[in-house]
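Colleague: One predicted model, sequence on top.
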Amino acid sequence: MQAAGRVIRIMAMSLVLCAAAAQAEVARPATAGDTLRLMRDAYAAHPQADQVQIDTGLGAVITTRRDGTDVTSYPDNLHRALQDAATDADRQAVLDRFVASAFELTGDLPPDPAALMPVLRPPAMFAGQTDGPISAPFPGPLEMFFVLDAPSGAAFVTGDMLGALRLDAAGVQGRAIANLQARDGQVRVQGSGPYMIVADGYYESSLLLDPALWDSVDAQIGQVVALPLARDLLLFADADRPDMLAALKRIVAVEYANLSNMLTSEALVLRDGVWIPFVLP
């Protein structure tokens, strides 16, 4: 069974990103941490910003605007655009547009169901929050959460947003997954086994929730084992090949502790279209 429009060929491919253009002076950031600090300083200088801080757990900048609303901004796409820009002036313009977009929405605008997207996160990430995001079960140590996606970042959906969305929790889940499946953009596979899913730097792990993609993968290799190590790092391999399972296990042992935005070191296997926990031998 393959859903329309989503067939992914397993071969080494690269993602082509577009550079932005404009004017002023920002040096090329070496790391995502450098980009986070650029974002923090630029947001703090905006007249509508009240409080700005870097959340190291989320790997994001959280801005409280003067209207009381919060904006959570992630550096992934901005970091790539800043690195790709040709000059310091171009990078300044990219940063200026990114920051401006974070303040375009006003607090009285209703959330848009078309902006809903699903994400997978460890539930402990929101421990202690009195009005934490709504969630849905997912196999293993992760849960499914939902965000409202915007050019400047993503805001997690909480219970008090449901009325404005005119959806209940089940409706949010259905719409978010449908949006993920319909989302424009290229999904690529890199590597020769184990393989790595490449998307936009934010929704790679979320692609575990796209059954049409995994129908396509499942038709090309044996039983699929997946490893959502980080928000932007989703690996998979043929579970019937001991050498691939051993390679995944080595990657966990060597790389996992050093990752940013880590999710889990536990694997999942696809059986009859359903992900279930899997212990790497």
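Modeller: Structure received. Model, not experiment: these values are computed from the prediction.
Colleague: what residue ranges in this structure score low on pLDDT?
Modeller: Regions of the chain meeting the criterion pLDDT under 70 cover residues 1-24, 66-69, 101-110, 128-130, 151-153, 184-185, 260.
Colleague: same thing but 50
Modeller: 1-7, 10-24, 105-109 (pLDDT under 50).
Colleague: Which secondary structure state does the residue positioned nearest the centre of it sit in?
Modeller: Central residue of the chain (Cα atoms, centre = their mean): residue 202, 2.2 Å from the mean position. With DSSP: H, G, I helix; E, B strand; the rest coil as the basis, residue 202 sits in coil.
Colleague: Which residue, other than its chain neighbours, is closest to it?
Modeller: Take residue 202 and drop its neighbours on the chain: the residue closest to it by Cβ to Cβ, 6 or more residues apart in numbering is residue 76, 5.3 Å away. In this view, the C-beta of every residue, glycine as well, is placed from N, C-alpha and C.
Colleague: Can you get me a residue count around the one you found?
Modeller: Using other Cβ atoms under 10 Å, residue 76 is surrounded by 21 other residues.
Colleague: Go ahead and confirm it touches residue 58.
Modeller: No: with contact defined as Cβ atoms under 8 Å, residue 76 does not reach residue 58; the gap is 11.9 Å.
Colleague: just how off-centre is stretch 62-81 within its chain?
Modeller: Averaging C-alpha positions (Cα atoms, centre = their mean, to the nearest Å) puts stretch 62-81 14 Å from its chain's average.
Colleague: now do stretch 177-195
Modeller: How far stretch 177-195 lies from its chain's middle: 12 Å, per Cα atoms, centre = their mean.
Colleague: Stretch 181-196 too?
Modeller: 14 Å.
Colleague: Buried residues of that stretch, list them for me.
Modeller: 181, 183, 187, 188, 189, 191, 194, 195, 196 (16 or more other Cβ atoms under 10 Å).
Colleague: With stretch 38-52 instead?
Modeller: So for stretch 38-52, counting by 16+ other Cβ under 10 Å, buried means 38, 39, 40, 42, 43, 46, 49, 52.
Colleague: How about the secondary structure of the third one?
Modeller: Meaning residue 40. Here residue 40 is recorded as helix under three-state DSSP.
Colleague: Verify the stated contact: residue 236 with residue 227.
Modeller: Yes: if you go by Cβ under 8 Å, residue 236 and residue 227 touch, sitting 7.0 Å apart.
Colleague: Now do the shared contacts for these two.
Modeller: The contact sets of residue 236 and residue 227 overlap at residue 194 (Cβ atoms under 8 Å, 6 or more residues apart in numbering).
Colleague: rewinding a little: spell out which residues sit in contact with the residue nearest to the centre of the chain, please.
Modeller: Listed by Cβ under 8 Å, 6+ apart, the contact partners of residue 202 are 74, 76, 77, 154, 231, 232.
Colleague: Pick the one among those residues closest to residue 147.
Modeller: Residue 147 has its nearest neighbour among the contacts of residue 202 in residue 154, at 3.8 Å by Cβ to Cβ.
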